[in-house]
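Student: Fold the following for me, if possible:
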Amino acid sequence: MSSPDDMMRDRERAEDLVLAARDERSLPALRRRVAEALRLDPDCIIAHLLLAEVADGPAEALAHARDAVAAGERALAEAIADGDTHLWYQPVGRSWLQARAVLAEILWQRGDRQQAIAEGHAILERNPGDNQGMRYILLEWLMQAGSVAEIDALLAAFDDASAAWQFAEALHRFRSQGPGPVAEKALRAAVAGNRHVVPMLSGKVRMPAELPDTYALGGEDEAALYVHAAFAGWLSAGDAIGWAADVVRTVAPKRPAKGKGKGKDGRG
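Tutor: Residues are numbered from 1 along each chain as shown. The predicted model follows:
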């Protein structure tokens, strides 16, 4: 039976092999390194994840993602049983949460929407601070396949000033309650956070030719990234874009009217 020190060394060697495998130029060489890693540590989560990444088709990717999640569950059995919600701050815990996110994404892509949504909720339960940004993915999924109550609960769980969150709430209120005061209040709050979104949504301002790599809250870059990701959802929600543009016109600051020049005596 291996000692704890031997097991730790095998785990570290396995992870090094996976990192080296990513540098391989051929798929067979990559697979050989990963196989060697799994011989050293069958519960090497990142090895299973790499196999999911290079899988030959969705079914194989799903199987490897499930293997990655199962490996994490074995390695973290005690912490999981204790309901630990700080797993993100442990290397193995972080890998396990990332594996669950990969599994959720594959499930969604395969059309297993409710299973994907359940995984998203489970990830947030284990990582309530949401270092992964899972709430944005889950909110998008719920907007497509969830109930009004589920969306309301998720929106209420996070105090998030981002355009992605604020404008999603405005769209949700419009879809669920119509263009009334509740939706308008949500939209006004979103516009106060980023005034560039609605002009881009409505086509009044052109999107940049290339999406930015970074952004600042309230800036044009944030607006472009949000509109790129969310335009289809707004477009499919009836006259949501027209409604948003109308509301913005009522909140936009008016420029003072140009008066006639004054004469020397102060009169026009």
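
Student: Tell me where the model's unsure across the chain.
Tutor: Across the chain, the ranges flagged by pLDDT under 70 are 1-2, 251-268.

Student: The helix or strand Ala37 falls within packs against which elements?
Tutor: Assigned by DSSP states H and E, Ala37 belongs to helix 27-40. Where contact means 3 or more CB pairs under 8 Å, 6 or more residues apart in numbering; DSSP states H and E, helix 27-40 is packed against helix 4-21, helix 45-53. The C-beta positions use only the backbone N, C-alpha and C, and glycine is treated the same way.

Student: Ok, which of those comes nearest Leu211?
Tutor: Set against Leu211 and scored by CB to CB, these come closest in helix 45-53, at 23.0 Å.

Student: Could you list the residues in contact with the closest one?
Tutor: 14-15, 17-18, 21-22, 30-31, 34, 37-38, 41, 60-62, 64-65, 67-68, 71-72, 75, 92, 95-96, 98-99, 102, 106 (CB atoms under 8 Å, 6 or more residues apart in numbering).

Student: one more time with 6 Å
Tutor: Here helix 45-53 makes contact (CB atoms under 6 Å, 6 or more residues apart in numbering) with 18, 34, 37-38, 61, 64-65, 67-68, 71-72, 95, 99.

Student: One more: stretch 90-102?
Tutor: By CB under 6 Å, 6+ apart, stretch 90-102 touches 45-46, 49, 65, 68-69, 72, 75-76, 87-88, 119, 123, 127, 132.

Student: send the alpha carbons of that stretch over as CSV?
Tutor: This file holds the C-alpha atoms of stretch 90-102, laid out as CSV (Å, rounded to 0.1, in the frame of the first residue of the first chain):
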residue,chain,number,x,y,z
GLN,A,90,-8.5,24.1,-2.7
PRO,A,91,-6.7,22.9,-5.9
VAL,A,92,-8.6,19.6,-6.1
GLY,A,93,-11.8,21.3,-5.3
ARG,A,94,-11.3,23.9,-7.9
SER,A,95,-10.6,21.3,-10.5
TRP,A,96,-13.8,19.4,-9.5
LEU,A,97,-15.9,22.5,-9.8
GLN,A,98,-14.4,23.2,-13.2
ALA,A,99,-15.2,19.6,-14.2
ARG,A,100,-18.8,20.1,-13.2
ALA,A,101,-19.0,23.2,-15.3
VAL,A,102,-17.6,21.3,-18.3
